[in-house]
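In: after the sequence you'll find the predicted model.
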Amino acid sequence: AAGVIQSPRHLIKEKRETATLKCYPIPRHDTVYWYQQGPGQDPQFLISFYEKMQSDKGSIPDRFSAQQFSDYHSELNMSSLELGDSALYFCASSLQASWEQYFGPGTRLTVT
Amino acid sequence: KQEVTQIPAALSVPEGENLVLNCSFTDSAIYNLQWFRQDPGKGLTSLLLIQSSQREQTSGRLNASLDKSSGRSTLYIAASQPGDSATYLCAVSAVGGATNKLIFGTGTLLAVQP
């Protein structure tokens, strides 16, 4: 069965650079979520989209932005990167009707 | 504000033992509760999903229960195996909005000794 695809899997950036993370949800899933997991921490909700509209926002810095496109894939754009942005970034998708979230393998971002 | 706590933070058991992981949450207005497994540096694998109207779910050697009114869930693992070693996370889905974000607990690190 198709799963959530995230790219890239690993990304190394320097401080103040920009990064773009991509997420391809399971086919026919209409909802996408982004989570950030710092070292030794539990995942924290960043932002979600339903039918290409932003639905909910968590503790996402103003330096980050995201959108969901017409084909339902989503991109998380991160600017002016800081050392503290180093983390695993997960994307999850779901069908609004069922709510069960399926997670991608994550993108490991390292900021040096 | 919803807070999710997991006890114990770490657990080490010999192979073959049955074990229980605990999860508690402060706000009973949840839509569902999911249990996940996470291997070191890896993604989250969904183990079980319990809707708020359900009391328990079973999958193989795993059984999860939910007592929404008391804000508690347990994950029971029968006949543990070394391959079960991982971090187990519970997450609750809050009611409201077009999307339901998950709020995670801090996890239980399980080590099953051969």
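Out: Sure, I can see it.
In: quickly list what residue B:103 is bridged to.
Out: residue B:92 (DSSP bridges).
In: would you agree it is in contact with residue B:94?
Out: Yes - taking C-beta atoms under 8 Å as the definition, residue B:103 is a contact partner of residue B:94 at 6.6 Å. (Glycine included, C-beta is placed from N, CA and C.)
In: show me what contacts residue 31?
Out: As the question left the chain open, I've gone with chain A. By C-beta atoms under 8 Å, 6 or more residues apart in numbering or on different chains, the residues touching residue A:31 are A:25, A:48-51, A:55, A:93-96, B:98-99.
In: right idea, wrong chain: chain B
Out: Contacts of residue B:31 (C-beta under 8 Å, 6+ apart): A:99, B:51-52, B:93-95, B:100.
In: among these, which lie within strands?
Out: B:51, B:93-94 (DSSP state E).
In: from residue B:76, how far out is residue B:58?
Out: According to C-beta to C-beta, to the nearest Å, residue B:58 and residue B:76 sit 9 Å apart.
In: and for those two, which residues touch both?
Out: Common neighbours of residue B:58 and residue B:76 (C-beta under 8 Å, 6+ apart) are residue B:64.
In: so for residue A:90, what's the pLDDT?
Out: pLDDT, residue A:90: 97.
In: give me the number of residues near it?
Out: 24 (other C-beta atoms under 10 Å in any protein chain shown).
In: cool, residue B:65 as well?
Out: By other C-beta under 10 Å, neighbour count at residue B:65 equals 18.
In: fine by me, we can end here.
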